[in-house]
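Participant: my questions are about this predicted structure, shown below with the sequence.
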Amino acid sequence: MNKKVRVRFAPSPTGPLHIGGVRTALYNYLFARKHGGTMILRIEDTDQTRFVPGAEDYIVESLAWCGINFDESVGVGGPHAPYRQSERKALYKQYSDQLIASGHAYYAFDTAEELETLRKQAEAEKQTFTYNTETRKTLRNSLCMSAENVNELIENGTPYVVRFLIPENTEVAMDDIIRGKVCVKSETLDDKVLFKSDGMPTYHLANIVDDHLMEITHVIRGEEWLPSLPLHVLLYEAFGWEAPEFAHLPLLLKPDGNGKLSKRDGDRLGFPVFPLEWTDPFSGDKSSGYRESGYYPEAFINLLAFLGWNPGTEQELFNMDQLIQSFSLERVGKSGSKFDPEKTKWFNHQYLIRRSDEDIAAEFMPFLLEKGIEADALFVARIASLVKERLNFVKELWDETYFFFQSPESYDEQVIKKRWKEETPSQMLALKEALQNIEPFDAANIDTEIKTWIEANNFGMGAIMNALRLLLVGAAKGPHLGDIMALIGKEETLKRIQKGISTIK
């Protein structure tokens, strides 16, 4: 790779950033860092009719949460500023004029109503109307008019667009890093609009001009842009510019594999499709996000990396530095990747169990405070150590450990029916007496003394331990009983046993 790598992520602020967009940003970032290159964030807001308030800030915050950092961007600045296309608007007309002058583009004066009539006529004949090499010769454009007529229309303020002149009878040959060589016949392409009479370029012109001016060496983007590749290659040729290398990433598919995972699939399918929670500024509707659902950014990035790329080894857990070292576009597949919601939870579980007990405790403290519980951080860390293997998310800690913080108020009826026998109350009272004498009151001592006591009285281990768990927890759940008793302490243990015996009839 002779040139210094320069890549860009160029989202449009038309709503929340889909996880497919985050993956595109991630692959660009990994590629740039792997090759010691530059990563750029460019906001493509040329289509003001689709602009959504708050979307740009959402994009920036989402990528920051993911740990995807930019060398040049709206917030950071850089040698190719501005990085918001609406602020570069004055740039584009000269390039549109350049294409007109070189004969690679033309003015078209057809109204929206005229084009709609042609579409309907074609539909009636079970055909499709396309503005292309065949139809353009019969339409209202500068190809069919004198220069005087064209100038007169423009001077009179007649609305127009500038369309690209697709060459006739040409085969457009393209190279894609992921898909190899791609060839398309020019007659299958339409003369796309490049510039509108309101002074704004379309995506196609602005994108190519900005990529050239920002010296982009590699365009890594989603598969949905593959149909635009022939036009973009022809535009580079028309300008006489060297084209960047292209790589089109495979689609993210729904969990059943039927179709692309869309923004609308989010909460409908029971999992987020956005990195952060999003509130629609128009309707007020909320969509869930991975951050608010309790995912770690490291787990989110790890799972996204595997949606289209594989390292060629059995390793599945990669931090960002490891991803940078291992990533290559050659190991990105062509076919779509099915999104597996259960696997995303597995990734988060892996990152959670590798966190320190103290970190998990610190993350859990706000949940406790919401419930009005003030607990010692060391106490909470010891509890976390007992149950974290069972968790996918820190927020699940409460359901697994609430009995450490509060004495049972009720007792599971099913467990009572199954485990509470006629002789149980007297056995539990006798056990309470035995527990009073244990010093120090730690898990190892408790286990030894209870086992000795059960054997000495010829009781069944299961019968005693299940009834004891019911009294301490209120249900048939929780970690090892010796650990529970040691943590809540002797006084609380004895109090719960007495309370349970008195309550259960």
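Facilitator: Ah, there it is. What you see is a predicted model; the values in this text were computed from it and never measured. Numbers count the residues shown, from 1 in each chain.
Participant: tell me the SS of T158?
Facilitator: Recorded secondary structure, T158: coil (DSSP: H, G, I helix; E, B strand; the rest coil).
Participant: what residues go with each domain of the protein?
Facilitator: For the chain, the structural domains run 6-76+203-252, 89-196, 263-351, 356-405, 413-503, going by automatic domain parsing.
Participant: quick one: mean pLDDT for the longest one?
Facilitator: Averaged over domain 6-76+203-252, pLDDT sits at 96.
Participant: where is the longest helix in the protein?
Facilitator: Across the chain, the longest stretch assigned as helix under DSSP state H is helix 19-34.
Participant: so what pairs up with L253 in the strands?
Facilitator: For L253, the residues forming beta bridges with it (DSSP bridges) are K260, K338.
Participant: stretch 455-468: end-to-end distance?
Facilitator: The straight-line separation of the ends of stretch 455-468 (CA to CA, to the nearest Å) is 16 Å.
Participant: same question, stretch 247-267
Facilitator: End-to-end distance of stretch 247-267 (CA to CA): 31 Å.
Participant: next, the buried residues of it.
Facilitator: Across stretch 247-267, burial judged by 16 or more other CB atoms under 10 Å covers 247-255, 261, 263, 265-266. C-beta coordinates here come from the backbone N, C-alpha and C atoms, glycine included.
Participant: what's the offset of that stretch from the middle of its chain?
Facilitator: Remark: stretch 247-267 is offset 12 Å from the chain centroid, using CA atoms, centre = their mean, to the nearest Å.
Participant: next: stretch 194-202.
Facilitator: Here stretch 194-202 is found 32 Å from its chain centre; the criterion is CA atoms, centre = their mean.
Participant: name the residues of it that are buried.
Facilitator: Buried, per 16+ other CB under 10 Å, within stretch 194-202: 194-196, 200-202.
Participant: in TSV, list those residues along with distance to E215.
Facilitator: Listed next are the buried residues of stretch 194-202 as TSV, based on distance: CB to CB, whole Å:
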residue	distance to E215
L194	21
F195	23
K196	27
M200	24
P201	19
T202	22
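Participant: tell me which two of the residues you listed sit farthest apart.
Facilitator: For these, the farthest-apart pair by CB to CB is L194 and M200; their separation is 10.7 Å.
Participant: so what does S262 look like in phi/psi?
Facilitator: Torsion angles at S262 (phi, psi; degrees, to the nearest 10) stand at phi -100, psi 170.
Participant: following the helix or strand that contains K93, which helix or strand shows up next?
Facilitator: Assigned by DSSP states H and E, K93 falls within helix 89-101. Next in sequence after helix 89-101, counting helices and strands by DSSP H and E, comes strand 105-108.
Participant: so which elements touch that next one?
Facilitator: Packing partners of strand 105-108 (3 or more CB pairs under 8 Å, 6 or more residues apart in numbering; DSSP states H and E): helix 89-101, helix 147-155, strand 161-164.
Participant: to Y296, which of those lies closest?
Facilitator: helix 89-101 (40.3 Å).
Participant: residues in contact with that closest one?
Facilitator: With CB atoms under 8 Å, 6 or more residues apart in numbering as the test, helix 89-101 has contacts from 46, 105-107, 162, 164, 194-195, 199-201, 205-206, 209, 213, 238-239.
Participant: what about 6 Å?
Facilitator: 105, 162, 194-195, 201, 205-206, 209, 238 (CB atoms under 6 Å, 6 or more residues apart in numbering).
Participant: nearest to L303, of these?
Facilitator: A206 (32.7 Å).
Participant: so who does that closest one touch?
Facilitator: A206 neighbours (CB under 6 Å, 6+ apart): 46, 85, 92.
Participant: may I see the buried residues of the helix or strand where it lies?
Facilitator: Of the helices and strands defined by DSSP H and E, A206 is found in helix 203-213. Within helix 203-213, the residues scored as buried using 16+ other CB under 10 Å are 203-212.
Participant: dump that helix to CSV, restricted to CA.
Facilitator: The C-alpha trace of helix 203-213 is given here as CSV (Å, rounded to 0.1, in the frame of the first residue of the first chain):
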residue,chain,number,x,y,z
TYR,A,203,-25.3,12.4,-2.9
HIS,A,204,-23.5,11.1,-6.0
LEU,A,205,-21.7,14.4,-7.0
ALA,A,206,-21.0,15.6,-3.4
ASN,A,207,-19.7,12.2,-2.4
ILE,A,208,-17.3,11.9,-5.3
VAL,A,209,-16.0,15.5,-5.1
ASP,A,210,-15.5,15.3,-1.3
ASP,A,211,-13.8,11.9,-1.4
HIS,A,212,-11.4,13.3,-4.1
LEU,A,213,-10.8,16.6,-2.2
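Participant: any chance you could map the strands in the stretch 201-350 of the chain?
Facilitator: For the stretch 201-350 of the chain, applying DSSP state E, counting those that start in this stretch gives strands covering 218-222, 245-249, 252-253, 278-279, 286-287, 337-338.
Participant: for L386, which of those strands is the nearest?
Facilitator: L386 sits nearest to strand 286-287 of all the strands of the stretch 201-350 of the chain, at 34.5 Å, using CB to CB.
Participant: among the domains of the chain, which is the most enclosed?
Facilitator: Ranked by mean neighbour count, the domains of the chain are led by domain 6-76+203-252 with a mean of 20 (mean count of other CB atoms under 10 Å).
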